[in-house]
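Asker: Generate a structure from the sequence data that follows.
(chains A and B)
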Amino acid sequence: MNNRLRELRAEKGWSQSRLAELAGVSRQTIQALESGKYDPSLPLAFTLAALFKKRIEDIFEP
Amino acid sequence: MNPQFEDESNEAAAARRARRMRRWLVELALGAAFVAAIFGADRFGAADPPSIGLARFCVALAVGVLAAWFFAYYATYRSLDEFERANELQAVALAGGVAVLFAAAWGLAEAFLGWADFPLAFIAPVFSASYAIIRTLISLRYR
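Answerer: Got it, this is the predicted structure:
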């Protein structure tokens, strides 16, 4: 699954650690998401969408 | 600092390393205690005359250590996020497969090729060693 996490994080000026802290996950999880090696659960996708004030489909695409 | 590629602060990295080291030390201590207890049970149980009291103590210690190992792992597992849990499950499943394969292969060789007896209790360290190697390989994939 492709996603715009890295781009959106850069717009916010957040580090991976900062985003991980806000989302309540580890930095490795953010790294795996950004590199497309891991697809998030629905609850985590909702959390990320809320953090970026976007819809899930604006961040993740199949 | 480029936020696109910046990873984690020194404090966060140090805390992560400390957590990993603490977990590794606890598991190493429990593993060593387990193996020592088994060797103790073997020595005292096979002595002439057998020190059955000491052998019982060592067996109880080995079982207790194994239980502590399990609960320590479960506590760690519960503290992980979904991605880390997925990796843990993958590592445990693969390590379980390796341990079963090892036990079955050794059992066959023992039954039909005259290999030395392999105590079933040693499956725990075999599983643990497999798990440690596999977990490390999985971690490297996501660095």
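
Asker: Would you mind measuring from B:Ala95 to B:Ala67?
Answerer: 19 Å (Cβ to Cβ, to the nearest Å). The way it works is simple: take the backbone N, C-alpha and C, and place the C-beta from them, glycine included.

Asker: go on, A:Leu22?
Answerer: According to Cβ to Cβ, A:Leu22 stands 37 Å off from B:Ala67.

Asker: Counting neighbours, show which residues of stretch A:29-48 come out buried.
Answerer: A:Thr29, A:Ile30, A:Gln31, A:Ala32, A:Leu33, A:Glu34, A:Tyr38, A:Pro40, A:Leu44, A:Ala45, A:Thr47, A:Leu48 (16 or more other Cβ atoms under 10 Å in any protein chain shown).

Asker: Now do the contacts for the first one.
Answerer: Translated: A:Thr29. For A:Thr29, the contact set (Cβ atoms under 8 Å, 6 or more residues apart in numbering or on different chains) comprises A:Ala20, A:Ala23, A:Tyr38, B:Asp81, B:Glu82, B:Phe83, B:Glu84.

Asker: hang on, the earlier thing: among the buried residues of stretch A:29-48, which one sits closest to A:Arg55?
Answerer: A:Ala45 (10.1 Å; Cβ to Cβ).

Asker: Tell me how many other residues surround the nearest residue to that closest one once chain neighbours are set aside.
Answerer: Leaving aside its sequence neighbours, A:Ala45 sits nearest to A:Ile56 (Cβ to Cβ, 6 or more residues apart in numbering or on different chains; 5.0 Å). Counted with other Cβ atoms under 10 Å in any protein chain shown, the neighbours of A:Ile56 add up to 15.

Asker: My guess is A:Ile56 contacts A:Ala49. True?
Answerer: Yes. A:Ile56 lies in contact with A:Ala49 (Cβ atoms under 8 Å); the separation is 4.7 Å.

Asker: Which of A:Leu22 and B:Ala67 has more residues huddled nearby?
Answerer: Per other Cβ under 10 Å, whichever of A:Leu22 and B:Ala67 has more neighbours is A:Leu22, with 16 against 10.

Asker: Can you give me every residue that contacts that one?
Answerer: Contact partners of A:Leu22, counting by Cβ under 8 Å, 6+ apart, are A:Trp14, A:Leu51.

Asker: pLDDT wise, what is it at?
Answerer: The model reports A:Leu22 with a pLDDT of 94.
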